[in-house]
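Engineer: Let's see this in three dimensions:
(2 chains)
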Amino acid sequence: NAGVTQTPKFQVLKTGQSMTLQCAQDMNHEYMSWYRQDPGMGLRLIHYSVGAGITDQGEVPNGYNVSRSTTEDFPLRLLSAAPSQTSVYFCASSFGQDPQQFFGPGTRLTVL
Amino acid sequence: GESVGLHLPTLSVQEGDNSIINCAYSNSASDYFIWYKQESGKGPQFIIDIRSNMDKRQGQRVTVLLNKTVKHLSLQIAATQPGDSAVYFCAEILYGGSQGNLIFGKGTKLSVKP
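Structural biologist: Here you go, the predicted model:
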């Protein structure tokens, strides 16, 4: 199993540009989520999904959209990038409500 | 978890010593408490969890203690090794309305001196 994969690893955007961060898992996990991590801080939940076709907002959803058309994929879209969205983004997945979540390697995003 | 801040607490230990990393959590109704390890440039990695109705759980070289009276969680690492150097996060989960979302503390950086 590849586990949780994320692409790209690094990305630089200009203010106002849009892009999609990809996340995929091959463990047949129902639950998937996106977090952002800022320097010296813990992870904050952006959006999550409890299954295909079901998504909901987390703690910091503004400026981000998600969709879950398949069990495997959970892309995160930045609609109009802002410097405040400079961060490291992590995708995670788990079996249902299992407290053990599996994290991807992260995408480091810089918005100029 | 702990309130968010700009500076990570740090803990420096000698190789072979035991390490104790502490965390204060906020929600007494949380169902599970979890410890994650994050090495530089990588995603968090699950270490161990403890259900809210327990006060101690042991794993391989790690022990988690839960004190609900003072809302305190600790991770003990026995015979700390250089490979244990990382940032350690505590997290809590409240099931039900929040659908089992993790709430992370700000982390503690553990440095192991050879």
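
Engineer: wait, isn't B:I103 in contact with B:C90?
Structural biologist: No - applying C-beta atoms under 8 Å as the test, B:I103 and B:C90 come out as separate, 9.5 Å apart. In short, each C-beta sits where N, CA and C put it, glycine included.

Engineer: Tell me which of these two has more neighbours.
Structural biologist: B:C90 (27 against 21; other C-beta atoms under 10 Å in any protein chain shown).

Engineer: Quick check: the gap between the spatially most central residue of chain A and chain B.
Structural biologist: For chain A, the residue nearest the mean C-alpha position is A:W34 (3.1 Å; C-alpha atoms, centre = their mean). Relative to chain B, A:W34 is positioned 11 Å away (criterion: C-beta to the nearest C-beta, to the nearest Å).

Engineer: would that residue count as being in a strand?
Structural biologist: Yes - secondary structure assignment places A:W34 in a strand (DSSP: H, G, I helix; E, B strand; the rest coil).

Engineer: Could you pull up the residues touching it?
Structural biologist: Applying C-beta atoms under 8 Å, 6 or more residues apart in numbering or on different chains to A:W34 gives the contacts A:21, A:23, A:45-48, A:58, A:64, A:66, A:74, A:76, A:89-92.

Engineer: Excluding residues flanking it in the chain, which one is nearest it?
Structural biologist: Closest residue to A:W34 in three dimensions, ignoring its sequence neighbours and counting by C-beta to C-beta, 6 or more residues apart in numbering or on different chains: A:I46, at 4.4 Å.

Engineer: Figure out the helix or strand that that neighbour lives in.
Structural biologist: Under the assignment given by DSSP states H and E, the secondary-structure element containing A:I46 is strand A:43-51.

Engineer: Let me know how buried the residue nearest to A:W34 is, in neighbour terms.
Structural biologist: Neighbours of A:I46 under the rule other C-beta under 10 Å: 23.

Engineer: And B:D49, by the same measure?
Structural biologist: Around B:D49 sit 20 other residues, with neighbours defined as other C-beta under 10 Å.
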